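[1] I would like to see how this sequence folds:
(one chain, ligands or ions: 1)
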Amino acid sequence: MKGVIVLQLKGMVIEKFGKNKWEEALAKAGIYKEPIITVISNVDDNTVVAVVNSLCEVLGISLPQLGDAFGDYWVNVYTPKIYASFYANAKTAKDFLLKMDDVHIAMTKNMQGADPPRFGYEWEDGKTLIMKYISKRGLIDFMVGLIKGVGKYYREDLKVTKLGNDRVKIVFP
Ligand code: HEM
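    Residues are numbered from 1 along each chain as shown. This next block holds a predicted model:
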């Protein structure tokens, strides 16, 4: 996984819960000396998942709660500053989400070692979208949190439900 995700996860944890909690979670995951990573570093997926699980334990929250906190931070704090044009080019949450598969491909095309998640789209009815999650990382709870973050950004009351480990149902208002 690209370092940018880990750095923003760290930023969110430090801002909301404090630096000690981040350090405690690393130690719990067996990392006693934090490596220096940059946005383009490749961080081993198993290490990221281990840190994510340790964070849940140290913070006393569930994986969906951590996913919600990360999703809110990524979509409402970090990316609007860095990738403002993606937001300017989508007028609604639906427009934005429908572009996410292309955005992930385009964003990571020139990043060596990137392996972006892919998304499939299937309409159940005019208001109900099933978004398929294709990734071997198993971070569907992050996807749910990110989608909720998009609803908040566009001030739309989306109903977001996880359907197993590879699909999310989104009902638009
Ligand atoms: C402008 C907004 C966004 C940008 C620029 C962006 C970019 C990225 C990048 C660069 C990665 C790392 C990929 C890699 O390491 O190969 C990533 C991971 C991820 N993104 Fe996004 N993303 C955005 C919004 C979203 C949204 C709204 C969703 C939800 C549908 C989403 C779902 C995910 C997930 C679940 C991962 C974790 C990696 C995985 O599960 O395989 N992203 N994103």
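
[2] Chain neighbours aside, what residue packs nearest to the residue most central in space within the chain?
    Centroid-nearest residue in the chain, with C-alpha atoms, centre = their mean: Phe142, separated by 4.5 Å. Closest residue to Phe142 apart from its sequence neighbours, by C-beta to C-beta, 6 or more residues apart in numbering: Gly67 at 4.5 Å. (Each C-beta comes from the backbone N, C-alpha and C, glycine too.)

[3] hang on, the earlier thing: is there proximity between the helix or strand hosting the residue nearest to the centre of the chain and the ligand?
    Using DSSP states H and E, Phe142 sits within helix 140-153. Yes - Helix 140-153 reaches the ligand (C-beta under 6 Å from any ligand atom) through Phe142, Met143, Leu146, Ile147, Val150.

[4] quick one on the thing from earlier: hmm, the residue nearest to the centre of the chain is touching Ala69, no?
    No - the criterion here is C-beta atoms under 8 Å, and Phe142 misses it with Ala69 at 10.1 Å.

[5] residues contacting the residue nearest to the centre of the chain?
    By C-beta atoms under 8 Å, 6 or more residues apart in numbering, Phe142 lies in contact with Gly67, Phe70, Gly71.

[6] Would you map the helices across the chain?
    Along the chain, counting by DSSP state H, helices occupy 3-17, 19-28, 45-59, 63-73, 79-82, 84-88, 93-98, 100-108, 140-153.

[7] The last one to helix 100-108, inter-axis angle?
    With axes from the mean of the first three to the mean of the last three C-alpha atoms, to 10 degrees as the criterion, the two stretches helix 140-153 and helix 100-108 enclose an angle of 100 degrees.

[8] same question, the third one
    Angle, helix 45-59 to helix 100-108, by the same axes, to 10 degrees: 110 degrees.

[9] check whether helix 45-59 contacts the ligand.
    No - applying C-beta under 6 Å from any ligand atom, one finds helix 45-59 separated from the ligand by no less than 8.1 Å.

[10] how many other residues sit next to Val103?
    18 (other C-beta atoms under 10 Å).

[11] What count of nearby residues applies to the nearest residue in space to His104 that is not next to it in sequence?
    The shortest distance from His104 to any non-neighbouring residue, by C-beta to C-beta, 6+ apart, is to Pro116 (3.9 Å). Other residues near Pro116 come to 19 when the count uses other C-beta under 10 Å.

[12] just Tyr121 next, same as before
    Tyr121, neighbours per other C-beta under 10 Å, totals 13.

[13] I'd guessed it sits against Ile134; true?
    No - with contact defined as C-beta under 8 Å, Tyr121 does not reach Ile134; the gap is 11.6 Å.

[14] how about the helix holding Phe142: buried residues?
    Neighbour-count burial for helix 140-153 flags 140-151, 153 (criterion: 16 or more other C-beta atoms under 10 Å).
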